[in-house]
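S.K.: okay, here's the prediction I keep looking at, along with the sequence it came from:
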Amino acid sequence: MCHISVTGTNTDTDELTIEQLQRENALLKEKNRQLTSRLADLQQHSQSLSYNYIKTSRSPDAMTCHYTGLTKFSLLTWLCCTLHEKLPAKPSKLSVNDRILLVLVKLKLAITNQDIALRFGISVQCVSVVLCTHVNTMANLLKFLIPWPDRDVVNANMPKQCKKTFHIAELLLIAQKCTQSGPKTCRQEHRCTVITRVTVP
């Protein structure tokens, strides 16, 4: 009787052990699948153009100049720090630094959105969304970097031929206040034209 009891206990234990091993095997398979997918994403990201890719390259300054026109990688870092909390928080696979880099690459290289999508490893739609939401915002935030020299500086550096030929400069500013959906007559009535004459001595 004791022998039969022990045999039955061992059988139950073996069944429990098999079930436990099967559960552990399923968990390990799922974890392996997740890690394999993660590894593929990391490999694709490491080969794609990104802020970190330029940062860890052998010549970050040269790559920064080629892709953005900025002479130093430190300038790109400063630009990203300046705009980091001021750009629209749109859901995107790209980090804020990569979105800034994407806009600069578009402006510097003037390549198609398809080309940018391949370089960054994202979709063309994502490129379009980033450009539509970031270009105007970056332009407004960085307009303080545009140098506007004083009139004395302009006169001092203007070529003599320009002073003789173009003695009067006309600045034409046309501000259209109606939306594009409005009728044509309305747009014409709300068009404001300002002409300012500046005499160059």
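M.R.: Sure thing, it's come through. Numbering: from 1, shown residues only.

S.K.: only C-alpha atoms for contact and neighbour calcs from this point on.
M.R.: Will do.

S.K.: tell me the secondary structure for Lys86?
M.R.: coil (DSSP: H, G, I helix; E, B strand; the rest coil).

S.K.: how many neighbours does Leu118 have?
M.R.: 13 (other C-alpha atoms under 10 Å).

S.K.: before we move on, what about Thr56?
M.R.: 9.

S.K.: surely Glu15 is within a strand?
M.R.: No: looking at Glu15 with three-state DSSP, it is helix, so not inside a strand.

S.K.: what count of nearby residues applies to it?
M.R.: Glu15: 11 neighbours (other C-alpha under 10 Å).

S.K.: can you tell me how far it is from Leu21?
M.R.: Here Glu15 is placed at a distance of 10 Å from Leu21 (C-alpha to C-alpha, to the nearest Å).

S.K.: does Arg58 belong to a helix, a strand or coil?
M.R.: Arg58 - assigned by three-state DSSP - is coil.

S.K.: how is this structure partitioned into domains?
M.R.: As assigned by automatic domain parsing, the chain contains the domains 51-145, 151-199.

S.K.: so which of those is nearest Lys31?
M.R.: Shortest distance between Lys31 and those, using C-alpha to C-alpha, is found for domain 51-145: 22.9 Å.

S.K.: ends of that closest one, what's the gap?
M.R.: 22 Å.
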